[in-house]
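K.L.:
give me a model of this one.
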Amino acid sequence: MLVVRDPLRLSDHAIVIPRQLAPLLALCDGTRDAGALRAVLMVRFGLQMGPDALERLLAALDQALLFEGERFQQALDHAQAEFRKAPFRSPVLAGASYPADPADLRALLQQYLDGVDDALPPATGGRGLVSPHIDYARGGPLYARVWRRAAEMVRAADLVVVLGTDHSGGPGRITLTRQHYATPFGVLPTAEGLVERLATALGPAQVFAEELHHRHEHSIELAAVWLHHMRQGQPCELLPVLCGSFAHFVQGEAEPADDRAIGAFCDELRQALAARNAVVVAAHRPLDVLFTVAEETGLQGAKAFDTGRLRARLGVGLDAHGEQGTIVVQAPAQNAIHVRVHGRMAHAGVNPQDGINAIRVAAEAIAAMPLGRIDEETTANIGVISGGTAPPSAKQSRRMISPATARSAYSSGVALILALRVTWRAASSGSRPSSG
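P.N.:
Reported below is the predicted structural model:
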């Protein structure tokens, strides 16, 4: 079963649907009516759904504010108005992910700090740091190592810019808010003048379109709590910035250097910070580093790894050719083809014309194969050849085993072509090829 709910939490409703109906969610993009949805489900996915059942499900999704429309927009406008008129943004994780009581929270964070055993010196001259945004139960020791080194730096700051991951943000979206951020230690006032300056440079519609994401997004909150603690409860101006998805940059669909909004944001922020004693905090999740073994013999290490242990949603492969700094967004697959070519036995001195030599057929098939570099994404090779019987009989059988015949992100199609080439060449010589 799938549980679906509004990520903005405009509604308390959640919808539970069978997994086989998951394609319906992808089809609900506003381009099809109920009849068209039923037709596509049947033709493309083989799913039959009665009109009454579909209408009930669509009505439930709409009731849960999962469809854009008048009901959703009214709820969104109301939630935004309530968020903006509140005196501050409340710490939504207090009492759930960490203690809401200031004394208990202070004791917990100090316990993490006391457990730091490295001898790294304080970072006194820095202007920025990278902080986790995972829960304290798992990331507490790492938070402590980072914030302990940055203690003097953040205590001296009169402005702290926190760049937090927006897990629901649009591609390249930069989202600001005029709202102040509260922690159990008090309120960190937002630098409203700087917010207005950035909004003017980027456009209010751009920077406030997803402002409601600040209400429940945890990345800035978890960094703000540590900031407030390391300043011993003393407030300073805060610029909370939520950063949307960079997936389209990583996948090569766009370049960050060409993004107008990012360029304007960086230019304006650089000028504004020049006259301030500012620190920039990037609230990022911890990195997962994975080393695998026995890859050239069949990706054995990767196959044995439990991917459920990974917390990351995006991976970067470092074992690759290319210019330094190149980001790998695709990994090769590997297919092996096993082919057995059968000839026809005949005596070399009595009736050689009745025989078909399997070695010759196999050799002709190999000669006709595209091997080596097929294209920029595909390679192919012949690995092992074995078989045959002793003379004077014609060779009856020859087996070709290619343990690395095709390596490509699209290798299955190449493997099929190679297999067909072997079959066709063998058949044209009158043999009986088969694969096994």
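
K.L.:
mind listing the helices for the stretch 151-300 of the chain?
P.N.:
Per DSSP state H, counting those that start in this stretch, the stretch 151-300 of the chain carries helices over the ranges 151-156, 192-202, 204-208, 213-216, 219-230, 247-250, 260-273, 300-304.

K.L.:
tell me which residues of the fourth one come out buried.
P.N.:
Looking back up the chat, that one is helix 213-216. 213-215 (16 or more other CB atoms under 10 Å). Just so you know, the C-beta spots here come from the backbone N, C-alpha and C atoms, and that holds for glycine as well.

K.L.:
now do stretch 148-159: distance to the chain's middle.
P.N.:
32 Å (CA atoms, centre = their mean, to the nearest Å).

K.L.:
where do the strands sit along the stretch 101-250 of the chain?
P.N.:
128-131, 159-165, 174-175, 181-183, 186-188, 237-243 (DSSP state E, counting those that start in this stretch).

K.L.:
turn the helices of the stretch 151-300 of the chain into TSV, including distance to residue 178 and mean pLDDT.
P.N.:
Shown next, in TSV, are those (distance: least, CB to CB, whole Å; pLDDT from 0 to 100):
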stretch	distance to residue 178	mean pLDDT
helix 151-156	23	93
helix 192-202	6	95
helix 204-208	9	94
helix 213-216	10	95
helix 219-230	14	96
helix 247-250	28	80
helix 260-273	16	92
helix 300-304	48	78
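
K.L.:
which of those is buried the deepest?
P.N.:
Highest mean neighbour count of these: helix 219-230, a mean of 25 (counted as mean count of other CB atoms under 10 Å).

K.L.:
tell me how many other residues surround the closest residue to residue 166 other than its chain neighbours.
P.N.:
The shortest distance from residue 166 to any non-neighbouring residue, by CB to CB, 6 or more residues apart in numbering, is to residue 242 (3.8 Å). If you count neighbours by other CB atoms under 10 Å, residue 242 ends up with 26.

K.L.:
residue contacts, residue 242?
P.N.:
164-166, 169, 173-176, 210, 213-214, 217, 219-220 (CB atoms under 8 Å, 6 or more residues apart in numbering).

K.L.:
quick revisit: among the helices of the stretch 151-300 of the chain, which comes closest to residue 71?
P.N.:
Residue 71 lies closest to helix 213-216 among those, at 19.3 Å (CB to CB).

K.L.:
hey, what's residue 342 bridged with?
P.N.:
residue 397 (DSSP bridges).

K.L.:
what residues sit buried inside stretch 109-126?
P.N.:
For stretch 109-126, by 16+ other CB under 10 Å, it's 109, 112-113, 116, 123.

K.L.:
nearest to residue 227 among those?
P.N.:
For the buried residues of stretch 109-126, the nearest to residue 227 is residue 109 (11.1 Å; CB to CB).

K.L.:
is it true that that closest one touches residue 229?
P.N.:
Yes. Counting by CB atoms under 8 Å, residue 229 is a contact partner of residue 109 at 4.9 Å.

K.L.:
about what we covered before: I'd like to know how far the residue nearest to residue 166 sits from residue 221.
P.N.:
11 Å (CB to CB, to the nearest Å).

K.L.:
please enumerate the strands of the stretch 251-400 of the chain.
P.N.:
Using DSSP E, counting those that start in this stretch, strands in the stretch 251-400 of the chain cover 278-283, 333-342, 372-375, 378-380, 384-387, 397-408.

K.L.:
is it true that residue 5 touches residue 65?
P.N.:
No. Under the criterion of CB under 8 Å, residue 5 is not in contact with residue 65, lying 9.3 Å apart.

K.L.:
same drill for these two, tell me which one is more crowded.
P.N.:
residue 65 (22 against 16).

K.L.:
domains in the protein, by residue range?
P.N.:
Following automatic domain parsing, one finds the domains of the chain at 2-72, 87-283, 333-435.

K.L.:
any chance of CSV for those, columns distance to residue 294?
P.N.:
Below are the domains of the chain laid out as CSV (distance: least, CB to CB, whole Å):
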stretch, distance to residue 294
domain 2-72, 34
domain 87-283, 28
domain 333-435, 13
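
K.L.:
worst mean pLDDT among those?
P.N.:
Per-stretch mean pLDDT for the domains of the chain is lowest at domain 333-435 (a mean of 64).

K.L.:
and residue 225, how far is that from residue 93?
P.N.:
On the measure of CB to CB, residue 225 and residue 93 end up 8 Å apart.

K.L.:
no, scratch that, I was asking about residue 347
P.N.:
For residue 347, the distance to residue 93 - CB to CB - is 86 Å.

K.L.:
higher neighbour count, the two?
P.N.:
Taking other CB under 10 Å, residue 347 and residue 93 do not tie; residue 93 has more neighbours (16 against 12).

K.L.:
correct me if wrong: that one contacts residue 223.
P.N.:
No. In this structure, residue 93 is not within contact of residue 223 by CB under 8 Å, at 11.9 Å.

K.L.:
thinking again about what came up before, need the strands of the stretch 101-250 of the chain in CSV with distance to residue 305, can you?
P.N.:
Formatted as CSV, the strands of the stretch 101-250 of the chain follow (distance: least, CB to CB, whole Å):
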stretch, distance to residue 305
strand 128-131, 26
strand 159-165, 25
strand 174-175, 36
strand 181-183, 38
strand 186-188, 41
strand 237-243, 30
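
K.L.:
which of these sits closest to residue 81?
P.N.:
So among the strands of the stretch 101-250 of the chain, strand 174-175 is nearest, using CB to CB, at 17.1 Å.
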